[in-house]
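Undergrad: Fold the following and give me the result.
(one chain, ligands or ions: 2)
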Amino acid sequence: LDRLGELDVVTDAALLVDDGRVIWSGPSAQADTEVQNYLGEATAHGVNDDDIVNGEVTSVSSLGDVEVIDLGGKAVIPGFVDSHNHLIFAGDRSEEFAARMAGQKYSAGGIATTVAATRAATETELEANLVHLLEQAKRQGTTTFEIKTGYGLTLDDEIQALEIINRHTNESTLIAAHVVPPEFKENPEGYVDLVIDEIIPAAAGKAKWIDVFCETGAFTEDQTRRIIDAGKAAGMIPRLHANQLTEGGALKLGAELGCASVDHATFASDEDLKILAEAGTVATLLPSIEFSTRQPYPDARRYVEAGVRLAIATDCNPGSGFSNSVPFAIAIGVRDMHFTVDQAVWAATAGGAHALQRTDVGHLGAGARADLAILDAPSFRHLAYRPGVQLVERVYSGGELIA
Ligand code: NIG
Ligand code: FE
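TA: Ligands and ions are numbered 1, 2, ... in the order given. From the prediction side, this is the model:
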């Protein structure tokens with residue numbers, strides 16, 4: 001599973017799960033033997049094949065219950081690893097979306113609308129909104145979530161956002177440098193100082209990742225470099241919002257700063273792609289953002305040819321794209337960004353895991369978390385073939401049914 005699109009597809013497959021982890025996965029003809037081996041001790045105490053019955057829970061003396069679930073030929077895929085989300089916010093920007101569909105251009109300026117609504121909300125309201133969005137996304141098959149701050153933009157609001165995030169995921173990202181907030185309009189450097197001198201130190205130990213929106217209308221390359229360096233010094237790993245709206249130097253900068261991932265990467269020169277490939281930096285493409293902003297779709301084939309490792313994520317946020325459905329992102333990635341179906345499904349699972357530097361998610365090999373999406377479909381291909389259809393039927397996280 002190291003290379004984009006390299007899927008290890010097993011037909012007529014079985015999975016053995018214990019204690020939230022995949023113990024074994026492979027052809028179902030081998031399953032009984034694997035279970036027997038795993039239960040070696042129990043077998044010695046007199047358990048035989050008859051105790052393991054399709055579709056029923058049976059008792060296995062010394063090791064408790066073995067539950068056998070017959071999925072009747074439905075496709076099972078790893079839960080999606082959605083490596084880019086902005087889910088701590090209040091308010092609604094559906095009018096801005098409607099205006100865009102009527103011809104308005106997307107700009108970073110809209111973020112200020114959400115900042116005002118977020119600052120006015122209580123912690124309870126922000127967390128309830130987050131939980132609601134997470135529940136929706138789980139029903140769409142997502143089991144790993146990265147979540148960013150970035151709509152508070154004060155010391156207290158950003159730290160509060162991290163505390164909420166940390167109650168729901170380990171993949172927490174500080175993006176206090178999302179835009180310069182209105183009160184620093186005349187003094188952007190003053191805000192960069194606040195981020196570096198106060199917010200980052202207070203976020204140390206609370207954020208796994210540091211992120212900056214490096215873009216015209218947000219933060220310059222020089223400011224980005226200083227903020228990322230401060231984040232790294234505080235123990236955070238860098239990632240960037242890079243080249244979303246313009247072909248600037250943010251992709252090169254991301255590679256140079258050792259970012260795990262550069263996200264959006266909508267505008268990328270051949271030289272940018274070469275540098276990303278050489279640095280091993282993941283480029284996380286966000287199909288539902290181009291869908292919702294009417295920016296041009298990047299062509300995934302160029303990135304693949306250049307040898308860039310790719311991920312797909314939703315970037316769910318109230319402004320540039322309010323979809324938390326990975327299947328939707330996969331369908332657009334295939335149709336409009338020219339991912340093959342195999343590549344898109346890989347990018348939304350194994351690719352997301354690479355972007356988050358995780359080896360325990362995004363695949364179903366032995367040792368992986370038992371994070372599974374069961375599809376009401378005979379093949380994972382249906383995710384792109386049947387867009388807009390609720391194909392995710394059941395979802396397990398760490399072996400527990402969550403949706
Ligand atoms: O990833 N580009 C910066 N941040 C978000 C959009 C935020 C917003 O418009 O509210 C993004 O697209
Ligand atoms: Fe984003």
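
Undergrad: what's I196 in contact with, if anything?
TA: R226, I227, A230 (C-beta atoms under 8 Å, 6 or more residues apart in numbering). Bear in mind the C-beta positions are built from the backbone N, C-alpha and C, glycine included.

Undergrad: and those, which of them are in helices?
TA: Applying DSSP state H to the contacts of I196, the entries found in helices are R226, I227, A230.

Undergrad: can you tell me which of those lies nearest to ligand 1?
TA: Checking these against ligand 1 with C-beta to the nearest ligand atom, the nearest one is I227 at 14.6 Å.

Undergrad: which of the contacts of I196 lies closest to A377?
TA: The closest of the contacts of I196 to A377 turns out to be I227 (C-beta to C-beta; 43.6 Å).

Undergrad: surely the closest one meets L174?
TA: No: using C-beta atoms under 8 Å, I227 makes no contact with L174, being 9.6 Å away.

Undergrad: okay, and the common contacts of the two?
TA: I200, I210.

Undergrad: okay, the two: which has more neighbours?
TA: L174 (31 against 25; other C-beta atoms under 10 Å).

Undergrad: got the contact list for the residue of the stretch 1-150 of the chain found nearest ligand 1?
TA: Closest to ligand 1 within the stretch 1-150 of the chain is I111: 4.3 Å, counting by C-beta to the nearest ligand atom. The contact partners of I111, taken as C-beta under 8 Å, 6+ apart, are G150, Y151, H178, V179, G319.

Undergrad: distance of A347 from ligand 1?
TA: A347 sits 17 Å away from ligand 1, going by C-beta to the nearest ligand atom, to the nearest Å.

Undergrad: swap in G231?
TA: Separation of G231 from ligand 1 (C-beta to the nearest ligand atom) stands at 17 Å.

Undergrad: And for E215?
TA: Counting by C-beta to the nearest ligand atom - E215 and ligand 1 are separated by 7 Å.

Undergrad: For the closest residue to K274 other than its chain neighbours, give me its contacts.
TA: Counting by C-beta to C-beta, 6 or more residues apart in numbering, the nearest residue to K274 once its immediate chain neighbours are dropped is A306, at 6.0 Å. A306 is in contact with D270, L273, K274, L276, A277, counting by C-beta under 8 Å, 6+ apart.

Undergrad: what does Q140 give?
TA: Contacts of Q140 (C-beta under 8 Å, 6+ apart): F80, N324, S325, V326, P327, F328, V392.

Undergrad: Okay, helices next: where are they in the stretch 1-150 of the chain?
TA: Counting by DSSP state H, counting those that start in this stretch, the stretch 1-150 of the chain has helices at residues 31-38, 40-44, 94-101, 111-120, 123-139.

Undergrad: quick one, the fourth one and helix 123-139 angle?
TA: In other words, helix 111-120. Interaxial angle of helix 111-120 relative to helix 123-139 (axes from the mean of the first three to the mean of the last three C-alpha atoms, to 10 degrees): 120 degrees.
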